[in-house]
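Q: Pasting the sequence and the predicted coordinates here, then a few questions.
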Amino acid sequence: MYYPQEILEEVRLRNDIVDVIKEYLPLKKQGSSHFGLCPFHNENTPSFSVSADKQLYYCFGCGAAGNVISFIMQVENCDFVEAVQRLADRAGIVLPQAEYSPEDARQERLKERLYEIHSAAGRFFYGKLNSPQGAKALDYVNKRRISVSIQKKFGLGFAPNSRDELYRHLKGMGFTVEEMLASGLVMENKQKNGYHDRFYNRLMFPIFDVKGRCIAFGGRIMESGEPKYLNSPETIIFNKKRNLYGLNFARAERKKEIIIVEGYMDMITIYQAGFKNVAASLGTAFSSEHAMLLKKFVSDIILVFDSDEAGERAALRAIPILSDGGFRVKVLQVPDGKDPDEYIKHNGPLEFGKLLINAVSFMEFQIKCARKKYSLNDLEQKMLFTKEAAGLISNLSSPIERDVYIKQVSEETGISMSAVEEEIYNTDKKRSSDFEKESKQRRVRSYTTGAQIKTESLHNARGVLQAQKNIISICCSNSSICRKLIDIVSPEEFRDKVFCSLLKYVYDCCLSGRNAVPADAVNIFADSESQAKAAEVFSVKFDIEDTEELEKALNEEIKLIKRVYLDYLASNASSIEEIQKVIELKKELGSFEFKL
Ligand SMILES: [Zn+2]
């Protein structure tokens, strides 16, 4: 934990969740909750609920959930500490120096060391590129007409063709093997008796985070061989889905739009050509995390992809993610089957600039791609194309925009505008009913009562998780039941890490005579995923009035949890004694009965 629990409680109490969320989106009061359009997924009917009593939010559409701190983490795409700082500022609270648990402190130290290793490796590679060993690589860079100042700015380097030069270099600098392995730059060899470098004989591109720290490398092979491009593996400082190559430079331009390309070389050439608001995805499909990251800096995106089939597929995959993220998206396909790098080399920056200006809207691009699949001379195919186009157009929420494309499709196919409209209307209807269904399922899942749980299969994995949630929820709201359960169910029996910590928290509160507060329980966790999971627990209502019913339900849940835990112990037992012990416990469980 980074801050003492009391400070977190104060920050939370002084930032009412309804007030804070209202600064981001309008909320309407409905019963005991407030509802609004979810900021984390695209929707037309509000399924995002905020509870003033519980100080928690929960989206029935996408499952986003948490307390006020989790909300800031999600909406501002920042980490726990940053979110707490923002809210403290908002409420005028002066925060003490953050504290680290021994485990957190160890992680933080390792992170610092990994930044240091990467910057040392970056200098090492850079030096090699400009040494006799790097002659071939430098020749390649010069042939690609990358200027010396750009080479420097991007820190291009060369990983020499020996298997352990970097390893020896880093070792000489005092980095430990553990640190080197954690960086992903060094690997243990197959015989497990030594270490070697991950990258050799490659042109090296340092990858920076938005703060400009080197966090990974991409390497292009110098001779023929596979893979052509190799990236660092994911580490505690590098997550491919949360970084874009060159974004640290692009954001400095402070433009409202950004050009997104596929490769390092494309990114660098476009940057060198004077279009500095450009970044590249790191050899991975565009993700919603990327969209969240960009959301902080830009509102408009121009996707520039190779004009081959793979490029087109990549663009089509990225479009829904970006348009759902609320960006204005345009697509540029470089003509004549060239990639942007080649195009600029042959036609110059000015012509490329013209292409950028003429980039088409994502809808036009999608419809164009759909059209290619059909022969419009054939009646059947013409209908299929119109249906597909209608499906695409239905994603637009603006009636004016819809109209433009309806007209276009109608002119192209000769099918009347009203028929196309009707088709779109039907797609709309189907989609909203699908959404309703999904959302209803979530409502049922989250408000399942003990009585309903019994009808669900108690023996599946979901059953045991649901049972754990119910136990936590009831302990939180009823301290006399909680006191009884403390002696019966131990947190270790909750195999789920989040649920285990939650039960510990609720027990601790009970033992020290405090009330367990759901919104504070969420603060045990520093990552959004665990926070959402914790918040969801408290959206479960376990309100069985009838004591007998409740006793029965609890009995079954406790037994289920214990049975699954014993199975786990049995499958992990390493001695006969342990197995015998499990058998013994199982027998006891047979005659176990929980009394209120
Ligand atoms: Zn949502």
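A: Noted; the coordinates are in hand. Numbers count the residues shown, from 1 in each chain.
Q: State the helix or strand in which the residue in the stretch 451-596 of the chain that the ion sits nearest to lies.
A: Shortest the stretch 451-596 of the chain-to-the ion distance, computed as Cβ to the ion: residue-wise this is residue 532, at 10.8 Å. Bear in mind the C-beta positions are built from the backbone N, C-alpha and C, glycine included. For residue 532, the enclosing helix or strand under DSSP states H and E is helix 528-538.
Q: after that helix, next one along is what?
A: Counting by DSSP H and E, the element after helix 528-538 in chain order, helix or strand, is helix 547-571.
Q: wait, the residue of the stretch 451-596 of the chain closest to the ion sits on residue 66?
A: Yes. Under the criterion of Cβ atoms under 8 Å, residue 532 lies in contact with residue 66, with a separation of 5.4 Å.
Q: Tell me the spacing between residue 256 and residue 382.
A: Taking Cβ to Cβ, to the nearest Å as the measure, residue 256 falls 39 Å from residue 382.
Q: So for the two, which residue has more residues nearby?
A: Neighbours per residue (other Cβ atoms under 10 Å) separate residue 256 from residue 382, with residue 382 holding more: 17 against 10.
Q: For burial, what's the neighbour tally of residue 283?
A: By other Cβ under 10 Å, neighbour count at residue 283 equals 15.
Q: neighbour-wise, which of residue 532 and residue 66 wins?
A: When neighbours are counted by other Cβ under 10 Å, residue 532 and residue 66 differ, and residue 66 comes out ahead with 27 against 22.
Q: List the contacts of the more buried one.
A: With contacts defined as Cβ atoms under 8 Å, 6 or more residues apart in numbering, the neighbours of residue 66 are 56, 57, 73, 74, 522, 528, 531, 532, 534, 535.
Q: at 6 Å what do you get?
A: The contact partners of residue 66, by Cβ atoms under 6 Å, 6 or more residues apart in numbering, come to 522, 531, 532, 535.
Q: biggest separation within those residues, which pair?
A: Taking Cβ to Cβ as the measure, the contacts of residue 66 span a maximum distance of 8.7 Å, between 522 and 532.
Q: Give me every residue in this structure lying close to the ion.
A: In this structure, the chain approaches the ion at residues 38, 40, 41, 59, 61, 62, 64, judged by Cβ under 5 Å from the ion.
Q: residues contacting the fourth one?
A: Spelled out, it's residue 59. Counting by Cβ under 6 Å, 6+ apart, residue 59 makes contact with 38, 47, 48.
Q: Which of these has the largest number of neighbours?
A: Each of the contacts of residue 59 was scored by neighbour count (other Cβ under 10 Å); the top score is that of residue 48, with 25 neighbours.
Q: Quick check: that residue vs residue 27, distance?
A: Taking Cβ to Cβ as the measure, residue 48 falls 8 Å from residue 27.
Q: tell me, what's touching those two both at once?
A: Residues touching both residue 48 and residue 27 by Cβ under 6 Å, 6+ apart: residue 36.
Q: what residues does the helix holding residue 532 touch?
A: With contacts defined as Cβ under 6 Å, 6+ apart, helix 528-538 is touched by 56, 65-66, 70, 73-74, 469, 472-473, 498, 502, 518, 521-522, 525.
Q: which element is the nearest residue to residue 296 once chain neighbours are set aside on?
A: With Cβ to Cβ, 6 or more residues apart in numbering as the measure, residue 77 is the residue that lies nearest to residue 296, at 6.0 Å, once sequence neighbours are left out. Secondary structure here is read from DSSP H and E; on that basis residue 77 sits in neither a helix nor a strand.
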